[in-house]
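1. sequence and predicted structure are below.
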Amino acid sequence: MNNFLHSFFLTRRTFVAGWAVVLLAVLGFVWPLFFALAQAATVLLFAAVLIESVLLYRLRKGISAARNTSAKWSNGDENPVELVVTNRHGIAVNVKVLDELPVQLQKRDLVFSGTVAPGESLRFHYAVRPVQRGVYAYGAINVLVSTPLGLVERRYTEEAGREVAVYPSFLQLRKYELLAIHDRLTLAGVKRVRRLATHAEFDRIKEYIPGDDRRSVNWKATARRGRMMVNVYQDEKAQQVFSLIDMGRTMRMPFNGLSLLDHAINASLVLGDIALRKDDRAGLITFSKKVHSSLRAGKDRGQMLRILETLYGQRTDHAESDIEQLYIEVERNIHQRSLLLLFTNFESVSALHRQLPHLRRLARKHLLIVVFFRNTELEQDLSTPASDAVEVYNRTITEKYVHEKRLVAKELERHGIGSLLVRPEELTVNVINRYLEIKARGQL
């Protein structure tokens, strides 16, 4: 009985019909004919509600609903979801589907409707874009079912409490993975850099084809074969590439819905994959006022999974990051000269100076590149002309802030530390470009 009461609803159409019957009954006090009509209408309405209720409740499970989506979502990307509603009634029914999305998505108006033929299924599609990593818990799929008459609705509740884990952007990883497999990274904005043979390992000798570097002609092989042969070089292998990710308060700032930390995590994931494809060793360190996680550089097949699982659980905190703790961790565990890409966000030159001694110590033994972010929202404000004194003041402060970022980059370069000042949305491409440039020029 309780299940019936929780699933049984009278529609607006029923209440409108009921008020029409009441109106006829009132008019019947003046004109008796209307009272007779009211009595007949009451019987018809009651009979219609009863018949429709029997049609909807004669099967214990007349409607089933399912939610099809992957067990893991990719953070910052559009993830497809499919709702499937199946009708087991012997008649066509109208359905209204309300999917209760996880609270993190802040959306409560996802409603679909349609008509399902007997024995058929109806499919609805939508996409979700999570902007935080973690576990997302769905509510129920609520399906309100009515016959074409539409006087009664029956509610079905399905799949309440289903959980989906949101991981760093593996969809972006797959995109770059496919481009790398087919040697088409240039389609994503990755630049081709001419490899310097003096800093590369010899690979093999092959026949010259137009476009090959004539400086790599192997004259002895050419004399033996009677046709022009050239040396082929490849980048040095087994070099170590570490992503050092700052998880302090400066990385909580959001851009395009994602925090700077998540932009850095997504870029680090792709960088690790590209490094492994170059036969290098990829590693990871996350830190704020202390070191949160440290993953030794590796190149085996399980390294990408370890990187993904490590990045999945990282969270920012409100503390100011201490690069001295990072230096101690690097000094203790990284003994081979390595490429260190430090993802952080210096807001001012004074903030840089507090950490500069430790950065210089890191740069003595390793090739350090400091990756920090341009504030694209502030830069957009500079394109709008000021119209009053307040806007002039705000524009001046904004220009000072933007200029401060450029000064940080120059200060790093002055001390022999590489820098990369990038837009958050262009982070991955710029990081890959810098890594490939370093490899091609043999700087590591």
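-> In hand now; what should we look at?

2. could you pull out the strands for the stretch 1-150 of the chain?
-> 8-10, 63-68, 72-74, 79-87, 93-99, 111-116, 121-128, 134-137, 141-146 (DSSP state E, counting those that start in this stretch).

3. out of these, which gets nearest to residue 275?
-> Shortest separation from residue 275 across these is recorded for strand 72-74, at 20.4 Å, computed as CB to CB. C-beta coordinates here come from the backbone N, C-alpha and C atoms, glycine included.

4. so residue 230, which of the three states?
-> The three-state label for residue 230, taken from DSSP: H, G, I helix; E, B strand; the rest coil, comes out as strand.

5. grab the nearest non-local neighbour of residue 89.
-> For residue 89, ignoring the flanking residues on the chain, the nearest one in space by CB to CB, 6 or more residues apart in numbering is residue 62 at 4.7 Å.

6. now residue 13
-> Nearest-residue entry for residue 13: residue 150, 5.1 Å, with adjacent residues in sequence omitted and distances by CB to CB, 6+ apart.

7. before we move on, what about residue 68?
-> The shortest distance from residue 68 to any residue that is not its chain neighbour, by CB to CB, 6+ apart, is 4.2 Å, and that residue is residue 82.

8. please identify the buried residues of stretch 137-152?
-> Buried positions in stretch 137-152, judged by neighbour count with 16 or more other CB atoms under 10 Å: 138, 139, 140, 141, 142, 143, 144, 145, 146, 147, 151, 152.

9. and the gap between the fourth one and residue 82?
-> Look at residue 141 and residue 82: by CB to CB, to the nearest Å, they are 12 Å apart.

10. any shared contact partners between these two?
-> With contacts taken as CB atoms under 8 Å, 6 or more residues apart in numbering, residue 141 and residue 82 have residue 67 as neighbours in common.

11. which of the residues in stretch 37-47 are buried?
-> By neighbour count, and taking 16+ other CB under 10 Å as the criterion, the buried residues in stretch 37-47 are 37, 38, 41, 42, 45.

12. no, scratch that, I was asking about stretch 153-163
-> Buried positions in stretch 153-163, judged by neighbour count with 16+ other CB under 10 Å: 153, 154, 155, 156, 158, 162.

13. tell me how far it lies from the chain's centre.
-> Centroid separation between stretch 153-163 and its chain, computed with CA atoms, centre = their mean, to the nearest Å, is 27 Å.

14. what's the first-to-last distance across it?
-> Length of stretch 153-163, first residue to last, CA to CA, to the nearest Å: 29 Å.

15. give me the mean pLDDT for stretch 339-359.
-> The pLDDT scores in stretch 339-359 average 92.

16. whoops, stretch 376-386 was the one
-> 67.

17. how many residues are close by the residue nearest to residue 89?
-> 19 (other CB atoms under 10 Å).

18. residue 96 versus that one, what's the distance?
-> Computed as CB to CB, the residue 62 to residue 96 distance reads 15 Å.

19. ok, residue 254 - contacts?
-> By CB under 8 Å, 6+ apart, residue 254 lies in contact with 131, 260.

20. again with residue 356
-> Contacts of residue 356 were listed using CB under 8 Å, 6+ apart, and they are 411, 415.

21. please renumber so the chain begins at 13
-> All right, first residue 13 from here; so that's residue 368.

22. assumed it was part of a helix.
-> Yes. Under the criterion used here (three-state DSSP), residue 368 sits inside a helix.

23. okay, now the unreliable bits of the stretch 13-162 of the chain?
-> Counting by pLDDT under 70, the low-confidence segments of the stretch 13-162 of the chain come to 13-21.

24. rerun that using 90 as the cut-off
-> The model of the stretch 13-162 of the chain has pLDDT under 90 over residues 13-75, 83, 101-103, 115-122, 131, 143-144, 151, 158-162.

25. quick one: residue 337 and residue 297 touch, right?
-> No. Under the criterion of CB atoms under 8 Å, residue 337 lies out of contact with residue 297, with a separation of 10.1 Å.

26. give me the common contacts of the two.
-> When contacts are counted by CB under 8 Å, 6+ apart, residue 337 and residue 297 are jointly contacted by residue 303.
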